[in-house]
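K.L.:
please work out how this folds:
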Amino acid sequence: HLIYLKKKLNKKDHLIFINGVPPILKFNCKVTVLFQNANLFYKFYNFNFLNWLFSRDFLRFLSLKIGKNNVNDWIVLSPLSKKILKNYLSSYSNVKVLNILSNYNKIKPIDVKKKYDFIYPASYLKHKNHDFLFNALIKLSKENIFPSVVLTFSATEIKNSKFNFYKKKYNLNLINIYDNNVEQFLKIYDHCKCLIYVSKNETIGLPIIESANKNMFIIAPKVSYSGQFLDPDYLYEQNDYDSLIKAIKSVLKIKNKKYSVSKQIKDFGDFDLITFLNYIEI
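P.N.:
Sure thing, here's the model as predicted:
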């Protein structure tokens, strides 16, 4: 496909790659890459080197390394992504942030009884740090505190995470709700009081934005990604059980059915969506 495009395109054309990596061929026209995920850098997510070496992310990293000089403009979706990419590209400065929240509208609180205390929507990947959350809940169980926590594991992840083992042995109030339908899944937030987000590394941390849009409380670690778009209600020291448990207890003390949680989106970005679409001439 790249060879075909190279033959067909001329200087007036604008080629845009939305798969996150640049082309390995040099084109005569303008080339823009929408860089999405930093997980192709094994150091960012602390991957085991050998696992990374034989992964699809390694192939994506090679494409980036080979093709980085074939790009005119880089577009990223968060300030943290910009920092990561610029650090890798060294002197390359033409990296711009697309403000994905330019049309952000906070939904008013829904007057429904909150069925669950917390939700952590994440797949069972190592950097998502589920075991840290499980251990914090086990510590709380020893104080006879059993908050309800919604997780979003697939059937395979249920087995790999020892979800049922922890639930049975420590009587943890764990609920699993898995729904591939995005619309249906977002409705689950309406029944949850607080997002508890314990991921070690993210470039965006989409659930933070989703839960803010649902006017929920937010617990997140004191790391770069947590506050790049808005300020969470509670921040804890990463990998500090006592710090996380303190935040959990603070949320549990709040008994109101209706919530008034003010989430102010921070100013960021070089483009809003409309400006970006004009820029790429769609």
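K.L.:
tell me the secondary structure for residue 143?
P.N.:
With DSSP: H, G, I helix; E, B strand; the rest coil as the basis, residue 143 sits in coil.
K.L.:
numbering from 58 from now on, please.
P.N.:
With 58 as the first residue, the last one maps to residue 200.
K.L.:
any stretches of the stretch 208-339 of the chain with poor pLDDT?
P.N.:
313-320, 336-339 (pLDDT under 70).
K.L.:
if we go to 50?
P.N.:
Judged against pLDDT under 50, the stretch 208-339 of the chain has no low-scoring part.
K.L.:
going along the chain, name the helices of it.
P.N.:
Using DSSP state H, counting those that start in this stretch, the helices of the stretch 208-339 of the chain run over residues 212-217, 220-226, 239-245, 263-270, 298-309, 330-336.
K.L.:
wait, residue 87 touches residue 74, no?
P.N.:
No - with contact defined as Cβ atoms under 8 Å, residue 87 does not reach residue 74; the gap is 11.8 Å. Where C-beta positions appear, they are placed from N, C-alpha and C, glycine not excepted.
K.L.:
which neighbours do those two share?
P.N.:
The contact sets of residue 87 and residue 74 do not overlap (Cβ atoms under 8 Å, 6 or more residues apart in numbering).
K.L.:
can you list contacts of stretch 118-135?
P.N.:
The contact list for stretch 118-135, computed with Cβ under 8 Å, 6+ apart, reads 78-84, 87-93, 97-99, 139, 142, 145-146, 149, 151-155, 157, 260-261, 282, 285-286, 325, 328, 333.
K.L.:
from these, keep the buried residues only.
P.N.:
78-80, 84, 87-93, 97-99, 139, 142, 145-146, 152-155, 157, 260-261, 282, 285-286, 325, 328, 333 (16 or more other Cβ atoms under 10 Å).
K.L.:
sorry, back to before: among the helices of the stretch 208-339 of the chain, which is the most enclosed?
P.N.:
Most buried of the helices of the stretch 208-339 of the chain, by mean neighbour count (mean count of other Cβ atoms under 10 Å): helix 263-270, with a mean of 20.
K.L.:
as PDB, could you dump the C-alpha coordinates of it?
P.N.:
Backbone C-alpha positions of helix 263-270 (Å, rounded to 0.1, in the frame of the first residue of the first chain) are rendered in PDB as follows:
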ATOM      1  CA  LEU A 263      -9.900   7.900  29.600                       C
ATOM      2  CA  PRO A 264     -12.100   6.700  32.600                       C
ATOM      3  CA  ILE A 265     -11.100   9.900  34.500                       C
ATOM      4  CA  ILE A 266     -12.700  11.900  31.800                       C
ATOM      5  CA  GLU A 267     -15.700   9.600  31.500                       C
ATOM      6  CA  SER A 268     -16.400   9.600  35.200                       C
ATOM      7  CA  ALA A 269     -16.000  13.400  35.500                       C
ATOM      8  CA  ASN A 270     -18.600  13.700  32.700                       C
END
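K.L.:
next up, the contacts around the residue nearest the centre of the chain.
P.N.:
For the chain, the residue sitting closest to the mean C-alpha position, by Cα atoms, centre = their mean, is residue 262 at 2.4 Å. Applying Cβ under 8 Å, 6+ apart to residue 262 gives the contacts 254, 256, 277, 282, 283.
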